[in-house]
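**Q** Test case, fold it:
(one chain, ligands or ions: 1)
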Amino acid sequence: MATPSPHQASGQENPDTKTTVAFLGPFNSYSHQATKTAFPDSRWHLEPTVTIKEVFDRVQSRQAPYGVVPFENSTHGTVTFTLDNLADRAAEYPDIAVCDEVYLDVHHFLLGRLPPQSPNQPPQPTSSSSEPPAKGVPLTSLAHIRHVYSHPQAFGQTGAFLRRYLSHAETVEVSSTSRAAELAAADEEGASAAVASEMAGKGFGLDVLARCVEDREDNTTRFFVLRRRDGGGEDLPEREGDGDGDDGEGGDDVYGGSKYKSLVSFTVPHRRPGALADVLDCFRGRGLNLTSISSVPSLVGPFQYLFFVEFEGSRSCDPEGRVRGVFEDLERVAERWRWLGSWRNRRDAR
Ligand SMILES: O=C(O)C(=O)C[C@]1(C(=O)O)C=C[C@@H](O)C=C1
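**A** Numbers count the residues shown, from 1 in each chain. All right, here's what the predicted structure looks like:
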């Protein structure tokens with residue numbers, strides 16, 4: 001099947017009649033790939049932004065009914081830019097909520113230009129003819145590479161390869177992996193490389209210098225789909241697993257809990273011993289399983305924190321009232337708290 005051009009894939013040809021989905025661009029970024037998973041057809045106008053903050057801005061201001069941002073990576077952890085915006089310390093995003101998630105297998109390539117040939121040397125093979133090209137090792141000499149561009153998250157996921165084979169090169173952080181590929185392609189000397197997706201390499205006509213350079217084979221990034229709490233615009237497209245057991249009936253999952261996830265943020269009285277444990281106890285008391293917990297500086301005072309707890313359960317599909325109950329508890333126990341969305345758990349549907 002022919003790969004559609006970025007503009008065909010984004011539905012850019014007639015944005016007026018389509019619902020806009022903002023994502024961290026440029027085209028061919030991993031965020032773009034995740035966006036195409038959740039919004040696959042041509043009803044959607046996929047709009048790249050330069051920063052994660054811009055995705056939040058567009059959704060809050062209704063310029064884009066939906067937005068897609070990376071949230072966490074299984075190797076390198078939380079995407080701090082996203083967490084910072086969800087923390088909303090400047091009260092810019094009171095209406096933003098998470099409404100879906102996407103898990104994307106992330107395989108990074110080292111992309112650049114093959115080394116220049118000396119007149120006496122045979123051409124550099126990129127792989128032997130019958131064997132599939134090796135993973136995680138250079139397919140050619142990397143002595144000519146002096147700069148490696150990538151997104152900080154992608155550097156964090158490929159540290160072992162970079163330390164082993166590119167310690168002689170400078171690493172330069174840029175806004176996304178596809179921007180990195182663009183910069184490598186712009187270097188006419190061929191001394192620059194990018195850690196980016198295979199798709200970005202094809203888009204910019206780069207040579208593959210190494211495949212699958214991530215530290216772990218199971219490297220996965222989770223993305224959040226954002227929308228305004230008051231909804232508006234078209235409904236999310238149906239995805240695999242959407243149909244089964246919407247009302248949480250069947251099996252021993254009586255409250256529908258593991259089918260959904262929800263996110264809340266909160267602060268606790270900084271100086272009260274056990275204040276965080278008291279909040280966590282609310283979830284235990286209601287039988288709600290936690291799936292992640294993170295924190296960022298609250299910026300109220302140095303070394304004070306705002307916490308995020310993600311748990312199994314949904315605000316709108318809550319037949320036993322467990323989620324409603326925990327929200328009542330949070331009202332009593334937390335200093336400040338905010339519901340940041342409930343959505344279908346996509347982890348098991350992969
Ligand atoms: O740079 C990109 O391609 C992105 O979409 C950003 C991003 C991230 O911030 O985590 C997305 C997935 C990968 O984990 C690496 C980078």
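**Q** Around the ligand, which positions in the stretch 51-200 of the chain sit nearby?
**A** 70, 73, 79, 106, 151, 153, 154, 176, 177, 178 (Cβ under 6 Å from any ligand atom). Using the backbone N, CA and C atoms, a C-beta is placed for each residue, glycine as well.
**Q** What strands flank whichever strand or helix holds the first one, and is each parallel or antiparallel?
**A** Just to be clear, that refers to residue 70. Assigned by DSSP states H and E, residue 70 falls within strand 66-73. Sheet pairing of strand 66-73 (DSSP bridges) gives strand 19-24 (parallel), strand 77-78 (antiparallel), strand 220-228 (antiparallel).
**Q** for these, which one sits closest to residue 54?
**A** Comparison of these against residue 54 by Cβ to Cβ identifies strand 19-24 as nearest, at 7.0 Å.
**Q** Touching the closest one from outside, list them.
**A** 29, 31-32, 34-35, 38-39, 43-49, 51-52, 54-55, 58-59, 63-70, 176, 233-234 (Cβ atoms under 8 Å, 6 or more residues apart in numbering).
**Q** Narrow those residues to those that are buried.
**A** 29, 31-32, 34-35, 38-39, 44-49, 52, 54-55, 58-59, 64-70, 176 (16 or more other Cβ atoms under 10 Å).
**Q** Mark which of the residues you listed are part of helices, please.
**A** Those of the buried ones among the contacts of strand 19-24 mapping onto helices are 31, 32, 34, 35, 38, 52, 54, 55, 58, 59, per DSSP state H.
**Q** Tell me the one of those nearest residue 200?
**A** residue 32 (9.2 Å).
**Q** So the closest residue to that closest one other than its chain neighbours versus residue 207, what's the distance?
**A** Distances taken as Cβ to Cβ, 6 or more residues apart in numbering place residue 23 nearest to residue 32, at 5.9 Å, with adjacent residues excluded. Distance of residue 23 to residue 207, computed by Cβ to Cβ, to the nearest Å: 27 Å.
**Q** my guess is residue 190 contacts residue 142, does it?
**A** No - counting by Cβ atoms under 8 Å, residue 190 does not reach residue 142; the two are 11.6 Å apart.
**Q** Now do the shared contacts for the two.
**A** With Cβ under 8 Å, 6+ apart as the test, residue 190 and residue 142 both reach residue 115.
**Q** Show the secondary-structure elements that the host helix or strand of residue 276 is packed against.
**A** According to DSSP H and E, residue 276 maps onto helix 275-285. Where contact means 3 or more Cβ pairs under 8 Å, 6 or more residues apart in numbering; DSSP states H and E, helix 275-285 is packed against strand 305-312, helix 322-333.
**Q** List the buried residues of it.
**A** 276, 278, 279, 280, 282, 283.
**Q** I'd assumed residue 316 was in contact with residue 339.
**A** No - using Cβ under 8 Å, residue 339 is not in contact with residue 316, being 11.0 Å away.
**Q** Neighbour count: residue 23 and residue 207, which is higher?
**A** residue 23 (33 against 18; other Cβ atoms under 10 Å).
**Q** so what's that one scoring on pLDDT?
**A** Here, the pLDDT recorded for residue 23 equals 97.
**Q** now it, which residues is it bridged with?
**A** residue 48, residue 68.
**Q** State the distance from it to the ligand.
**A** Look at residue 23 and the ligand: by Cβ to the nearest ligand atom, to the nearest Å, they are 8 Å apart.
**Q** if we can go back for a sec, residue 339 and residue 316: who's more crowded?
**A** When residue 339 and residue 316 are compared on other Cβ under 10 Å, the one with more neighbours turns out to be residue 339, at 16 against 8.
**Q** In space, what's closest to that one - neighbours in sequence excluded?
**A** residue 264 (5.6 Å).
**Q** can you count the residues close to residue 142?
**A** Neighbours of residue 142 using other Cβ under 10 Å come to 18.
**Q** Spatially nearest residue to whichever residue of the stretch 251-350 of the chain sits closest to the ligand (excluding sequence neighbours)?
**A** Of all residues in the stretch 251-350 of the chain, residue 294 sits closest to the ligand, at 14.7 Å by Cβ to the nearest ligand atom. In this structure, residue 294 finds its nearest non-sequential neighbour in residue 308, 4.8 Å apart by Cβ to Cβ, 6+ apart.
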